[in-house]
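Student: have a look at this prediction, sequence included:
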Amino acid sequence: MKISQYLFILFFMLVSMAAFAQKKKNKNMAPPPPKKVEYASPTPKKPESFITEMDGNTAFRWKNEPETLTTFTPDDLVERIYDFSGMYAVRIISNYPLDTVSFKKADKDDDRIILLGYTVKYDDYDTIELKGNKMTISDKKDPKKEKITLDVTKKGNKIIRIKEVKT
């Protein structure tokens, strides 16, 4: 009887191994990783006639650098940049000091006097009108935003300098 028990166990092991060997491998592998999508940055919306008059100067900067020691408060404008190269027609970047500071323009040989710590304010406008030597910047999406008028200095047919007109 012992032999028949061993034969039964051996037969059962062979059947279970044969059944395991007949199983097909699962062909469902993990899905391939998704393809990377490359996003193109939006093109600037500017009138073509205006771009030709910029002559590579896409930003103009004004900085308040007094000759004598002057105190600036956080409400005093220290620097303004007119940037014509972004996705807006023009972005005006205004810098204000964080704290009340005393400042004067550095001498030609002295680089140590630097005003650090700004609060930056961005104003974006979507419309530029250039008529003669006057440039008007406005925002059609927000009519409550103030219109800015600039005097334009041209050399030949190219804009080389702008100056804000008090309105």
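Tutor: Nice, thanks for sending it over. Numbers count the residues shown, from 1 in each chain.

Student: in the chain, which spans are strands?
Tutor: Along the chain, counting by DSSP state E, strands occupy 59-63, 70-72, 79-83, 90-97, 101-103, 118-125, 127-131, 134-138, 148-155, 158-164.

Student: measure the residue nearest to residue 141 when sequence neighbours are not counted to residue 90 for me?
Tutor: Leaving aside its chain neighbours, residue 141 sits nearest to residue 126 (6.1 Å; criterion: C-beta to C-beta, 6 or more residues apart in numbering). Using the backbone N, CA and C atoms, a C-beta is placed for each residue, glycine as well. Plainly put, residue 126 is 8 Å away from residue 90 if you go by C-beta to C-beta, to the nearest Å.

Student: neighbour count winner among these two?
Tutor: residue 90 (26 against 16; other C-beta atoms under 10 Å).

Student: so in this structure, where's the weakest helix or strand by average pLDDT?
Tutor: Lowest on mean pLDDT, DSSP states H and E among the helices and strands of the chain sits helix 48-54, with a mean of 53.

Student: surely residue 64 is in contact with residue 77?
Tutor: Yes - the criterion here is C-beta atoms under 8 Å, and residue 64 meets it with residue 77 at 6.7 Å.

Student: just give me the longest helix of the chain.
Tutor: helix 2-21 (DSSP state H).

Student: list the buried residues for stretch 76-96?
Tutor: 78-84, 88-96 (16 or more other C-beta atoms under 10 Å).

Student: what is the end-to-end distance of that stretch?
Tutor: 6 Å (C-alpha to C-alpha, to the nearest Å).

Student: and residue 69, how far from residue 37?
Tutor: According to C-beta to C-beta, residue 69 stands 55 Å off from residue 37.

Student: next: residue 147.
Tutor: Distance from residue 147 to residue 37, by C-beta to C-beta: 40 Å.

Student: and residue 161, by the same measure?
Tutor: In terms of C-beta to C-beta, residue 161 sits 43 Å off from residue 37.

Student: okay, those two: which has more neighbours?
Tutor: Taking neighbours as other C-beta under 10 Å, residue 161 and residue 37 compare with residue 161 leading, 12 against 5.

Student: so residue 152 sits against residue 131, correct?
Tutor: No - Residue 152 is beyond contact range of residue 131, at 9.6 Å (criterion: C-beta under 8 Å).

Student: who has more neighbours, those two?
Tutor: Using other C-beta under 10 Å as the criterion, residue 152 and residue 131 rank with residue 152 on top: 17 against 8.

Student: who are the contact partners of that one?
Tutor: For residue 152, the contacting residues are 130, 133, 134, 135, 159, 161, 162, by C-beta atoms under 8 Å, 6 or more residues apart in numbering.
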